[in-house]
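Participant: Fold the following for me, if possible:
(chains A and B)
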Amino acid sequence: MVLLDAGCSGVELRDTPPSIVAYLPDFATEQVEHIQQRLSDFEALGLPPVQKVVVQQVADQEWHTLWRRHFRSRKYGKSLRVQPTWSQHRPKPEERVIHLDPGLAFGTGGHPTTALCLALCEAYVKPDMRAADMGTGTGILSIACALLGAREVVAVDNDELSVKIAQANVERNGVGERVRVLLGEGWTVLEEHEEAFALILCNIISTFLIETAPRVPPLLKSNGYYIVSGTIGRNWHGVRTALEAVGFELIERRKRRTWVAAVFQKR
Amino acid sequence: MAKEIMTNIKLNLPAGKATPAPPVGPALGQAGVNIMEFVKKFNEATASQIGDTLPVEITVYKDRSFSFVVKQPLASDLIRKAAGVESGSSNPLRNKVGKITKEQLRQIAERKMPDLNANDIEAAMKIIAGTARSMGVEIVD
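Facilitator: Here you go, the predicted structure:
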């Protein structure tokens, strides 16, 4: 509680040796003294005293690349392949390859929600479609749409870093002329585009899908598809109810582990 | 056959708002877990509890897959809510910021009981009372 109050975004509890690891951003290092003062008060409050406080500088983001060795080239659906930029794998000529450096953005294909979306893109994206990708992360789904023939894709994210990463991935895949990556909050940036989309993808979380459901139909053409993902089984009913209430019809639902993705059509 | 466990990681994280920033990044990155995958799963599972800080225990298996269990909100969050205060005292020895009743203390202890190393409700109440003291929240009859 002392650590969280001081601005730590979370703490790690270790068993061996029994210890608590908390991280403070550089700009908040003046909090260290305050934390030490509060911890030293524990004994006077009748709480177990803190034996030792160690303060260390942590190299920025050195942890970030550690998991990458486990992210390998992988095939999705019939023709899509996600290939990390550091992979030596040789894709087959008939495969549609998404070259990806995820950086700190979401979307490698390894997560069931993204994998489900990739498979649904393959089934529903048709040549010359105009599509939108809400919460693009690495840009993986937008790139997939472009490789599957979409005429234009508008990719949106509210995270500046994700937008930069997605833009770099779009250019890396040679689809920069068809995929536009925009920084924006929620649906507002798409509402500014006059032409309605034939297909919209949204792989975020169920609360977002539910809360923003009424804003989606005006962005879609008649009979347009809304592909949603990012919801766990127990939240699925709420998502379906919210989307049906605004005029969508459920066309298809797919499940992988506890995750659900679905295709709705505007009626 | 049960999957072989590589490590267990315990974190306290804001419900629905975890990010790849520390402590998630360093703790999970070293274990080879896809950080964004965990963040997304955690945020989805805890979206209805935004505002609480939740203890989560993550089990990482040898194949780098993982599962996690989310526990009851931190005692300090429950105390804050019961006392109707925004935050704890910055100087709990001198400045008291609020009060909770013994009954409220008991309710919090009962809710946190499964997560505490306590044999009975009385012991659990002592632990919660200690947390309240460290926040400058008094226990009243």
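Participant: all contacts plus neighbour counts: C-alpha atoms, from now on.
Facilitator: OK.
Participant: Assign a three-state SS to residue A:155, would you?
Facilitator: Per DSSP: H, G, I helix; E, B strand; the rest coil, the secondary structure class of residue A:155 is strand.
Participant: Show the contacting residues for it.
Facilitator: For residue A:155, the contact set (C-alpha atoms under 8 Å, 6 or more residues apart in numbering or on different chains) comprises A:132-136, A:139, A:142, A:179-182.
Participant: interface residues of chain B facing chain A?
Facilitator: Residues of chain B that fall close to chain A, judged by C-alpha under 8 Å from any C-alpha of the partner chain: B:9-14, B:20-27, B:29-37, B:40, B:43-45, B:47, B:64, B:76, B:87-88, B:90-91, B:93, B:130, B:133-134.
Participant: Taking those, please make a PyMOL selection of just the buried ones.
Facilitator: Selection of the buried residues among these in PyMOL, burial being defined by 16 or more other C-alpha atoms under 10 Å in any protein chain shown:
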select buried, chain B and resi 9+10+11+12+13+14+20+21+22+23+24+25+26+27+29+31+32+33+34+35+36+37+40+43+44+45+47+64+76+87+88+90+91+93+130+133+134
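Participant: if we can go back for a sec, of the contacts of residue A:155, which is the nearest to residue A:79?
Facilitator: residue A:142 (15.6 Å; C-alpha to C-alpha).
Participant: hang on, residue B:20 in a strand?
Facilitator: No: using three-state DSSP, the assignment for residue B:20 is coil, not a strand.
Participant: Residue A:232 is in contact with residue A:260, isn't it?
Facilitator: Yes: taking C-alpha atoms under 8 Å as the definition, residue A:232 is a contact partner of residue A:260 at 5.9 Å.
Participant: And the nearest residue to residue A:6 once chain neighbours are set aside, its phi and psi?
Facilitator: Nearest residue to residue A:6 in three dimensions, chain neighbours excluded: residue A:31, at 6.3 Å (C-alpha to C-alpha, 6 or more residues apart in numbering or on different chains). Residue A:31 adopts backbone torsions of phi -70, psi -20, taken as degrees, to the nearest 10.
Participant: So which of the contacts of residue A:155 belong to helices?
Facilitator: Among the contacts of residue A:155, the ones falling in helices (DSSP state H) are residue A:142.
Participant: need the strands for chain B, in chain order.
Facilitator: B:5-14, B:53-61, B:66-70, B:98-101, B:137-140 (DSSP state E).
Participant: What segments of chain A are helices?
Facilitator: Under the criterion DSSP H, chain A contains helices at A:2-5, A:31-40, A:112-124, A:140-147, A:160-172, A:188-191, A:206-211, A:233-245.
Participant: Please identify the most buried of the ones you listed.
Facilitator: Greatest average neighbour count among the helices of chain A goes to helix A:140-147 (a mean of 28), per mean count of other C-alpha atoms under 10 Å in any protein chain shown.
Participant: who does the residue nearest to residue A:179 when sequence neighbours are not counted bridge with?
Facilitator: Closest residue in space to residue A:179, ignoring its immediate chain neighbours: residue A:153 at 4.7 Å, by C-alpha to C-alpha, 6+ apart. Per DSSP bridges, the residues bridged to residue A:153 are residue A:131, residue A:179.
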